[in-house]
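>>> curious how this folds, go ahead:
(chains A and B)
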Amino acid sequence: MRGRTLAVVVGVALVLVVVVVIVQRLGSPPTVVPDPGQPALPLVASTTTGVQSSIVLPMGHLDDPLNTFWQLFLRPTGRSSWVLRTPPGVASNGGLVVAAPPTGALTAGFLTSASLTFSPLARTATGGISWSSGQLPAALVGAPDGLAAAPDGSLLGLVSGAGQTVLSSTGSLSSWDPMVSTTALARRPTGCRVTAITAVAFDATGEPLVGASCHSGGRLGLLSGDRSSSGDHGSASWVGVGPSLATAAGPVGQSSVVRLEPTTGGDAGLASEGPGSGTSLVAFWGQGAPTRWTVSSRQPVPSSWRLAATAVGGGGGQEVTALLASGRRRQLATIGGPGGSWLTLPTPPPGTGAVAAVGPETDAFVVSGSKLTVWTLGAGSARWTRSSTITVPVPYGSSS
Amino acid sequence: MPGMGTPSGSGGSTVVSAFHSALLSQGALILLVAVLLLVVWNALRSLQYRRAVARGDSYPPPRRPLGVEPYARRVLRLGFGFLWIIDGLLQLQPGMPLGMPTDVLQPSAASAPGWVQGLVGFGVTTWSRHPSEAAASAVWIQLGIGVFLLVAPRGRWSQAAAVMSMGWGLVVWVFGEAFGGIFSPGLTFLFGAPGGVLLYVVGGGLLALPERLWSHRHLGRTILGSLGVLLLVMAGLQAWPGRGFWQGMTSGRPGTLAGMVQQMAGTPQPHPLSSLVSSFASFDQAHGLAVNLFAVVVMAAIGLALVWGGRFAFPALVALVVFAAADWLLIEDMGIWGGTGTDPNSMIPLVLLAVSGYLAVVRAPATEDAAVTEVSPAAAIAAPAPAGTGPDGEPLAPRPWWDRLDPGHAGRILAAVGAVAIVLVGTAPMVAASVNPHADTLLAQSVNGPPTVIDGPAPAFHLIDQAGQAVALSDLRGYTVALTFLDPVCTTDCPAIAQEFRVANQMLGASASDVRFVAVVANPTYNSVASVDAFDRQEQLQDQSNWLFLTGSRGTLENVWSDYGVNASIEPAGGMASHADLTYVIDAHGNTRRAIDSDPGDGEADESSFSTLLTEQITQVMHS
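So this is what the prediction gives:
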């Protein structure tokens, strides 16, 4: 064969290689890109009110979603131990969120898993000893404060649909009406470009409040409505109430409300700001009527670290605590209330997956399969001490 | 790729028994056809003998020279004939009926684009719903094609065998190998790309060519040159950066090739072989760059040499055989292990094609003179004897075609007919399975066992339906009732069972108006009317007029559970409520006639199978 012919053949082969590579690239299955409007929020969360402390955390085989069962532990005020109070009758391997008002019944909502497309609910006024049941007509969004309860029994639920939709109930666990959606709020001049609703709550006057992710705008995504508003027509009543996040360096870009909780002293919450998973955290509080909002200084989140768990309440009632994680490393930052400063607490025990602020103490929770170890850091102490170990009958294989 | 994965589906003795039963019955049919063909052949020979004696001729008559099949073609034909037979025998493995979709078909398309997954999904659905029929069909089709290639050396019968080989190869390449992975990332020649069965298709195509083309060197050169181009393309892909082949380890994990080999090493197989493959995986992890460089250089060099031809052809062929053997052993892991290995992968057919191409070049002159005679069945029929006279001086009538047929050739024709019969015996149930949307009931029975036939009054109940209306079992007299127990907030089995009921309702057609599909809540906590209504909406059952989802107080429900042996209870710590998956069929007089374990099993095929089973049982009760 002549050299020229061989060159042609080799050229054809190279063209074929390029074609195959292009076809493969074009044909590659689409990768799932997280919706930038739905930030990933850590579901592991605790809330302390004047009545009790609650914490939601995963147990079981944490690398196997079907055998990861989310558990609710309660610790009544004045008691020293946590007790398992996961509501019965529903598989909790999709996730669990809790609405714990300062007074009144505690409501839990199950995130959906497998073939279930609506979220069952459970409410207890007996500290988790007995429960009544109900359900939302759609799936709860994976946000730690996607469910809110008012002392009078009114409820808000954040479900998927039209971005996210807030549903309201006057007390029934099974009768819900749409209140407002992300789509509707995105059209409102709220001071921030709303991309997702991330939290719901009732303010001190009993009016609904939503926390949001904002693409830009310079203000924290907090919006206040009124109970009579419903559907897209009612969105006109929603106004942005979030404080400015602008710094001397200029306005911030993205921000997301991670927690939004009513506390004994008003509302308290935590937000992340900056690109990606958040380069800094700010705590915020709302007090008085009309509510006056203040934000804390910024707590930087080092690169490669992520927000793993949150705690609201404790201390004087308005403490906000964040557990940061990077691989096996952990870091705890807490701020006591308006006007306070972020403090870095002593490094929690290895494997800490959740924290709770209970009065002046901080509890760290370490999960190993079905065993939960609680470590306590006393006020002003530099050492964590093991306070209890709880074995939970995790129902492996029961819900897959 | 063949042989990947483990025989997770090798359980299911019911399905395996049905597979063996199908093989036996189809085998008996094939045996019958074989006996019939033998009888025909013998009858033909007897007739020919008698007529030859009557004419005073010798029998058998002297054979008319038919020429010689080109050597290269013969090698290719016999090679692929034996390969198809090996493939057919591999299909006999008991893991095939249930393991083929999960261990072979789905993994082959796992990283392919949606349209490829859709095509493969058709094959997966067909096989999953009718596993025993599909597996038995694959056995006979492949054995039949193999035998056909072996017994039909020349002429149109041989070309027909080649076309059949090509057609089935294409079916397997598309639905079984997901186009050999050419649309998936990670494509590599070393692991079988562009698909072993595609090479069967090429082999079939070559055998289907007019025989005269095999008498010239040009065909051999074309084969070798094409293989050379293929190797050059594959070398280019192997060398392409960013595809993970240059790294033995990536981010603490095995690189692309090492990962594939390591996975193959985990396939159940003789220990020495797994050790060998595992050792190579470790070697590649440690020396990924060197291994890939060696592979790229060798593939490119062989490719260039094959394209160049001439004096380079033989060394290239030898190098290809050695390289292919090493790859087949160390990387492809022979392709036949694991309980669901379907074929010896790509290297054997590749070598077969290369050897055939080489022989077509070097042996063509020797056969050119003899092979110019194109042979057809007609050629095997001796030319009509000139009209003559018999012993009594009477003129003889012209001999009919069957009398002029060469006995040896007639035998081969009948053998070819037998091979076609084998293929048809396999094809018929495969076609029937592909057009039948309802899964075989034996799948549900393999999960739950057969339905229990009972006869006794169904325990009464008084409950309320999803609209809040009171319903008693006695209100349903006159209807056949399918009664089950569902948890409205269940995440797994209950939604599947509800859908099975929905499909059964559709399958019943007009008869569905005489049936009531009834579920009773099986959750002690979530038993409100609102809960069952939410479940109905989730399962799109709210508009099915003959569907009732009944509930009541916890005490009332506990009595019903007890009466029907359901035992619903709460699991602690976030577990789903537990209850037995049971379905009863109650006749129009209120008597329980069937009890069916209704665990929906795994996957759509099991669910479809339960719908078929339920429909069958309801129909039997309605007409009994």
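>>> contacting residues for A:Trp384?
A:Trp384 is in contact with A:346, A:348-349, A:364, A:375-377, counting by Cβ atoms under 8 Å, 6 or more residues apart in numbering or on different chains. (Each C-beta comes from the backbone N, C-alpha and C, glycine too.)
>>> where does the chain have low pLDDT?
I'll assume chain A. Chain A contains residues with pLDDT under 70 at A:1-3, A:6, A:22-39, A:162, A:217, A:229-236, A:246-252, A:275-278, A:399-400.
>>> you answered for a different chain; I wanted chain B.
Across chain B, the ranges flagged by pLDDT under 70 are B:1-12, B:63-67, B:251, B:364-397.
>>> give me the element the residue of the stretch 251-400 of chain A found nearest chain B is part of.
Taking Cβ to the nearest Cβ, chain B has its nearest neighbour within the stretch 251-400 of chain A at A:Pro395, 3.0 Å off. Here A:Pro395 sits in a region with no helix or strand, counting by DSSP states H and E.
>>> next one: B:Thr612
Following DSSP H and E, one finds B:Thr612 within helix B:603-622.
>>> do the same with B:Gln506
helix B:493-508.
>>> so is the following helix or strand past that helix next to chain A?
Toward the C-terminus, helix B:493-508 is succeeded by strand B:515-521 as the next helix or strand (DSSP H and E). No - figure legend: strand B:515-521 not in contact with chain A (Cβ under 8 Å from any Cβ of the partner chain); closest approach 11.0 Å.
>>> contacts for the helix or strand just after strand B:515-521, please.
Downstream of strand B:515-521, the next assigned helix or strand under DSSP H and E is helix B:529-538. Helix B:529-538 is contacted from outside by A:116-118, A:120, A:133-135, A:137, A:174-175, B:464, B:466-468, B:486, B:488-489, B:494-495, B:498, B:521, B:523, B:541-542, B:547, B:549-551, using Cβ under 8 Å, 6+ apart.
>>> taking helix B:493-508 as reference, get the angle to helix B:529-538.
60 degrees (axes from the mean of the first three to the mean of the last three Cα atoms, to 10 degrees).
>>> helix B:529-538 to strand B:515-521, inter-axis angle?
Using the same axes, to 10 degrees: helix B:529-538 against strand B:515-521 is 130 degrees.
>>> distance between the following helix or strand past helix B:529-538 and the chain's centre?
Next helix or strand after helix B:529-538 toward the C-terminus (DSSP H and E): strand B:547-550. Computed by Cα atoms, centre = their mean, to the nearest Å, the chain-centroid distance of strand B:547-550 equals 41 Å.
>>> just stretch A:324-334 next, same as before
17 Å.
>>> measure that stretch end to end?
11 Å (Cα to Cα, to the nearest Å).
>>> tell me the secondary structure for the nearest residue to B:Ala208 once chain neighbours are set aside?
Nearest residue to B:Ala208, sequence neighbours excluded (Cβ to Cβ, 6 or more residues apart in numbering or on different chains): B:Ala162, at 3.9 Å. The three-state assignment at B:Ala162 reads helix, by DSSP: H, G, I helix; E, B strand; the rest coil.
>>> might you report the residue contacts of B:Ala162?
Counting by Cβ under 8 Å, 6+ apart, B:Ala162 has contacts B:77, B:149, B:204-208.
>>> who wins on neighbours among these?
Taking other Cβ atoms under 10 Å in any protein chain shown as the neighbour criterion, B:Leu149 ranks highest of the contacts of B:Ala162 with 29 neighbours.
>>> any idea how far that residue lies from chain A?
Using Cβ to the nearest Cβ, to the nearest Å, B:Leu149 is found at 30 Å from chain A.
>>> noted, bye for now.
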